[in-house]
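*Asks:* Below is the sequence, then the predicted model.
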Amino acid sequence: MLKVKNVSKQFGDLVVLREINLEIDRGEVIGIFGPNGCGKSTLLRIISGFEKPSCGKIIMEGKNITGFSVERRAEIGISYAFQIPKPFESLTVFENVLAGFLLRYDEKEAARKASDLLRKFDIDHISNRKATYLSQGELKLLELCKSVSTEPELLLLDEPFSALDRENSKNVMKKVRLMRDDGIAMLITAHKKRILERISDRIFSIENGRLIVEG
Ligand SMILES: Nc1ncnc2c1ncn2[C@@H]1O[C@H](COP(=O)(O)OP(=O)(O)OP(=O)(O)O)[C@@H](O)[C@H]1O
């Protein structure tokens, strides 16, 4: 479905990614781990269109999408969940999720889908709360809901388990499994391999800018 072909990235003199090659199949879950600053977010940001590669290509369903904007990539089914959640703070939880569905559906259908999704993620009880008042755990769940509200084929989850206590981390894992069961392909980053082993079909690390097969 998606191919990362010979992607390298440098910021000035700093080489962050070196000739990365990766293929993600439909419905596949891939985990990538590595320490702070190894380039995990940069790789996800290049696939989602927030960053341009210094060289190399991103191919989706055989089409070169390297020059596509974030919005066009969302339209063709690529969605990104930020490590630090970025909700529309002045909007409610419901309105945040509604915005994604409105890209594909009329208002009535989008509202129905938004309610269903909030129920599925067990945050329907806070649907009228402004995003600015949410706890860390609630924010992570809202970020996941927002990222699936565009109905992606490929979801890029940047450290979805970070900055959470054990209970909230377990809860996020449950929701990630629900998305996997719905057939959404995912690329998930984390600092440690262990948490990725519970969800991934294949695991890689990034060392010195290179992608290393880890299982
Ligand atoms: N726009 C930028 N300009 C300059 N340097 C950058 C830029 N974006 C990222 N970097 C640098 O590239 C390196 C990789 O950053 P990246 O955010 O991809 O790491 P990461 O593996 O996701 O780290 P973390 O686990 O801390 O989120 C870091 O040294 C970072 O400072």
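*Replies:* Here it is on my side, so go on.
*Asks:* May I see the buried residues of the top helix by length along the chain?
*Replies:* Counting by DSSP state H, the longest helix found in the chain is helix 166-181. Buried positions in helix 166-181, judged by neighbour count with 16 or more other C-beta atoms under 10 Å: 168-169, 171-173, 175-176, 179-180. Yep, even glycine has a C-beta here, placed from its N, CA and C like the rest.
*Asks:* Tell me which other helices or strands that helix touches.
*Replies:* Applying 3 or more C-beta pairs under 8 Å, 6 or more residues apart in numbering; DSSP states H and E, one finds that helix 166-181 makes contact with helix 136-148, strand 185-190.
*Asks:* next one: phi and psi at residue 50?
*Replies:* Per-residue torsions, residue 50: phi -80, psi -20 (degrees, to the nearest 10).
*Asks:* Mean neighbour count, the helices and strands packed on helix 166-181: which tops it?
*Replies:* Mean neighbours per residue, mean count of other C-beta atoms under 10 Å, is largest over the helices and strands packed on helix 166-181 for strand 185-190, with a mean of 25.
*Asks:* backbone phi and psi for the closest residue to residue 16 other than its chain neighbours, please?
*Replies:* Ranked by C-beta to C-beta, 6 or more residues apart in numbering and with sequence neighbours excluded, the top spatial neighbour of residue 16 is residue 39, at 4.4 Å. Here is the backbone geometry of residue 39 (degrees, to the nearest 10): phi 120, psi 10.
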